[in-house]
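Asker: Take this sequence and fold it.
(2 chains, ligands or ions: 2)
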Amino acid sequence: MSEALVNKIIPFSNVDGPGNRTAVFLQGCNLNCLYCHNPETINICNNCGKCVTGCPADALEISNGRVIWDSDKCINCDTCIKVCPNSSTPKVKKYSVKEVMKIILEYKNFISGITFSGGECTLNHQFIVEVFKEVHKYGLTCFVDTNGFLDFENLPELVKNTDKFMLDIKAWDSSEHIKLTGKDNNIIKKNLEYLIKLDKIYEIRTVVVPEILDNENSVVNVSEILSGTEIQYKLIKFRKNGVRLNLINVDMATDSYMEKLKNRAIEIGVKKVVIT
Amino acid sequence: MEKILDIIKDEHLTFEQRVYSLARAAENMVDVLHLDDKIKKWMDKDIICDLAEGNAPYKPRYVVPDYQKFMEQGSQFLELSKPKDIWEAVNNLLILYKHVPSVTMVPVYLGNIDTLLEPFVKDEKEDVAKEAIKLFLNHIDKTITDSFCHADIGPLETKAGKLILEVSKELQNPIPNITIKYDKDKTSEKFAIQSIKTALAVAKPSFANDEIFRKDFNGDYAIASCYNGLYIGGGSYTLVRGKLSKLALEAKSKEDFFDNLLPEFVDRITRFMDKKTNFIVEESAFFKSNFLVKEGLVSRDKFTGMFGIVGLAECVNELLSLENSNDRFGHSKKADKLGEEIIKKLSELVNEHTNRYCEISNGHYLLHAQVGIDSDSGDSPGCRIPIGEEPDIYEHIVQSAPFHKYFPSGIGDIFKFDEMAKRNPKAILDIINGGFKTGLRYFSLYEDCADVIRITGYLVKKSEMNKLDKGVAVLRDTTVLGQGGRDNSGVLNRKLRGKDEYENGSKNV
Ligand code: SF4
Ligand code: SF4
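Answerer: Ligands and ions are numbered 1, 2, ... in the order given. Next up is the predicted model:
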C-alpha cells in the first residue's frame, strides 16, 4: 500500500470543487512559482535541522538524523516555516491509504467528495489512485487540483479514477511561464486539450499578476479553448499573504481590472467565470 | 397604576405595542393560579420563568390552526367561503391571521403556505401569482409585527414554494420566520439550494429534519414561533422554562443535583404547567367559545404543553467545577457526556408526569430547548454551546446532535456563514445532509453581512436595531428583543463559518 507526505487535511472546504469537500494537501512540488502562496509545500524536508532550535513549543527534535514534529505540542506559530531555507516544513505526516481513508470516512456524510491538492499532488499519483478507488465505493466524487506539469497521457490510471481536474494555466506564453515557474508550459497546454477531450475538467485557474504577466493574453487564449464548454474559469487576484516578497513584490490587481478580464472571457464565450 | 401610566407615556412604543402592554398589565393584576411558595421561590431565584405569559392565561400560548381545513371550508364566523383564485386565497388567510391569538397577540403559525397556495398558483400566470404572494408576504410583515410569526414550506418543491423564496429574498423582510421541512429523498436539490441562497440573503428559511419530526408527531406537524414542533389543529397551552444554569448553583454535588434538585425542578415546573393548562381548559373561555374551536380549526385534544429549558452548558460547567474539573461543555467528552446524562434524566422525569389534557402527546408535556429571552445573560439557549466558544462546524454538529432526539417541540443551532458561502451553496447543503443523518433536528443559517439576521430563534434587521439604538420607535416589536440579545448575549459574535474554517482550503496556485 502506498504512502504519501501530507502537509494538511482540511475536513470541510467550500473552495476546492463543488459542494463541501475534504481537501488533502500533499507535500512537494515540481514547479517553483515566483508567486507561490505556500512555498513551504514545495520541497521535501532534507532534515538540515535549522528549524529545530527556534521552535518555542519544543515540538521539534532530531532523532536518528531526522527531524520529528510533535503535532500535539505544536502551537502553529509557523516559526519553523519562516526559518526553513529549503522552502519546506517539518510539519508533515506520512499517511498510508488506510489512514487517509479513516479520516475521510469520518466526514463522509457531510461531503460531496474529496480533492487532492498540494504542493503538486500528482507526484503521488499512485497513492491518489489507491485512495480514489476506495472513496468511489462510498459514492463520493474525486477531484485533483494540479499544475498539469506531468504528462497525463502517461498516467492513464490517474485520469481514469479522477472524476474531474482543476488545472492551473499560469501563463500562456512559454517564455513568460519559464520566467514565472522555471519550466516550460508545453505539456500543461497538451494536458489541457487532452483533458477537455475526455470531459475531465471542472475548473481552470489563472492568477492575475499585474506588471509581471501579460494577463490578458493568457485569459484570451484560455477563454478561446473553454468557450462553449461547461468548464468554470476562475480568475484569482494575486495576494501578498504567504508569498516570498524577496522574489515578488507587486500590487494586487484592481477590482475593475479583474472585472475587465472577466467580461473579456464572457465575451469570448466562457459560460462561468468567477473572480476571487 | 404607575406602571400603566409609564406604558401610556413611553415614546418607544407603537400603538399596538402599547395596547399589548396595557393588556398584559391588566392581566397581571389578578391572581388566579395561586402558585405555592416553592414555585414562587424558584421564580424569584430565576430558576423558573413563565416567559411573560401573564398571570391569568386567557388563550393558549401557541395556536396552530388547521389552515388546510380553513381553505377547504371557509369560515362561517368570518363569513368567508372557499377561495376561488389566488387573490381570494391570500385575502382569506390574511383575514384569518387577524383572529389567531397567541402569547404575542398575533399568530405564531401561518400554515404550510406553499401547499396552501399551490392549487391557486397553478391556475394563474406566473407574474400574477408572484404579485399576489408579494403583497401577501409584505402585508404579513407590516401587520403581524412580531418575528415569532412562522410560516412553513416543503418538503416538496412547488411553484408556490419557489415564488415564496424568490419574493422573500426581494422583500428583505424579517417577518415571517420561515422553515423548510426538508427530506433529502422528498425535497428536490434545486429547491433546497434555492432555500440556502435565500437564507444567506435573509436568514430564512431554516431547515427542519422532516423525517425526525414526522416520526415524533405521527405524520404532519407544524413549526411555529422560533422552531417549535407542534400538532396541526392544536398548539401548546403554555411554555414554562427552567434554567438549568441557575439550578446548578443550588447543587452541593453532582449527586445532589441528580437525586434531589432535578426531580424537584421537574416537579415544580410540571405543577406550574398543570395550573396554567387546567385554568385555560377549565376556566378560560377560549375552548368554550372561540370560533376557531367551534369551526374545528383547532381542537382541544390536539393541544399539549411545552417544558422548556435553557443553560445546559453553564449547568454542566458548574457541576464539573464542583468536582474541581475545568472541562467545558462542547470541548470535552466528559462534559458532553454529563450534559447528555442530565437531559436523559430530565426527559425521563418529564415523561413520568401526566396531564389529562395532553392526550395527543400521550399525556406528557413535550421538551423544548428554549432559545433564551432578551434579558438573559449567562444562560446559553437550550443545549447550545455558548457563543464565542463554538468549535469547528463538524465538531459542533456531532457534539450537538445527540441532544436533538429529546426535544420534539424544538431544538436547533444557528450557523453564521462568511460571504464566500454564497458561491457554493451546495457545500452548506452537504453539511445539512450530514447533520440530519447524524440526528440533527433543525439547522438555521445566515450570512454575516446580511441585514436580516437570526438572533436566537427569531429574525431582526440590523438596520432596525440601529434605529432603535437612536431612540426611534420601530415597526417590529422583536427588534427590541434583538437589541437585548445583542447586548446581553453577544449574538453578533457568533462564530463565523467559512473564512476561519475553510478558506485555507483555497490553494494558491
Ligand atoms: S509551527 Fe513550527 S516552530 Fe511553531 S510550534 Fe509548531 S513546530 Fe514549533
Ligand atoms: S523543515 Fe526546513 S529547516 Fe527544518 S529540517 Fe527540514 S529543511 Fe531544514
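
Asker: Check whether the lengthiest strand in chain A comes near ligand 1.
Answerer: Looking across chain A with DSSP state E, the single longest strand is strand A:3-13. No. Strand A:3-13 stays clear of ligand 1 (Cβ under 6 Å from any ligand atom), getting no nearer than 12.0 Å. Any C-beta I mention is one placed from the backbone N, CA and C, and that applies to glycine too.

Asker: Any buried residues in that strand, and which?
Answerer: A:4-13 (16 or more other Cβ atoms under 10 Å in any protein chain shown).

Asker: Contact partners for residue B:469?
Answerer: Contacts for residue B:469 (Cβ atoms under 8 Å, 6 or more residues apart in numbering or on different chains) come out as residue B:483.

Asker: Show me where the stretch 1-150 of chain B has its helices.
Answerer: Along the stretch 1-150 of chain B, counting by DSSP state H, counting those that start in this stretch, helices occupy B:2-9, B:15-27, B:37-44, B:67-73, B:86-97, B:113-123, B:126-143.

Asker: mind checking which of the ones you listed is nearest residue A:262?
Answerer: Among the helices of the stretch 1-150 of chain B, helix B:126-143 comes nearest to residue A:262, with 30.7 Å by Cβ to Cβ.

Asker: Dump the C-alpha coordinates for the closest one into CSV.
Answerer: The C-alpha trace of helix B:126-143 is given here as CSV (Å, rounded to 0.1, in the frame of the first residue of the first chain):
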residue,chain,number,x,y,z
GLU,B,126,-46.6,33.3,-13.1
ASP,B,127,-46.4,37.1,-12.7
VAL,B,128,-49.9,37.3,-11.3
ALA,B,129,-49.1,34.6,-8.7
LYS,B,130,-45.9,36.4,-7.8
GLU,B,131,-47.6,39.7,-7.3
ALA,B,132,-50.2,38.1,-5.0
ILE,B,133,-47.5,36.4,-3.0
LYS,B,134,-45.5,39.6,-2.7
LEU,B,135,-48.5,41.5,-1.4
PHE,B,136,-49.4,38.6,0.9
LEU,B,137,-45.9,38.4,2.5
ASN,B,138,-45.5,42.2,2.7
HIS,B,139,-48.9,42.5,4.4
ILE,B,140,-47.8,40.0,7.0
ASP,B,141,-44.5,41.8,7.7
LYS,B,142,-46.3,45.1,8.2
THR,B,143,-49.2,43.9,10.2
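
Asker: Quick check: which helices or strands does it pack against?
Answerer: Applying 3 or more Cβ pairs under 8 Å, 6 or more residues apart in numbering or on different chains; DSSP states H and E, we find helix B:126-143 packed against helix B:86-97, helix B:113-123, helix B:159-171.

Asker: quick one: average confidence on the helix or strand harbouring residue B:307?
Answerer: Residue B:307 is part of strand B:303-310 when elements are defined by DSSP states H and E. Across strand B:303-310, the average pLDDT comes to 97.

Asker: Now do the next helix-or-strand element following it against strand B:303-310, angle only.
Answerer: Using DSSP H and E, the helix or strand that directly follows strand B:303-310 along the chain is helix B:312-322. Angle of helix B:312-322 versus strand B:303-310, following axes from the mean of the first three to the mean of the last three Cα atoms, to 10 degrees, is 50 degrees.
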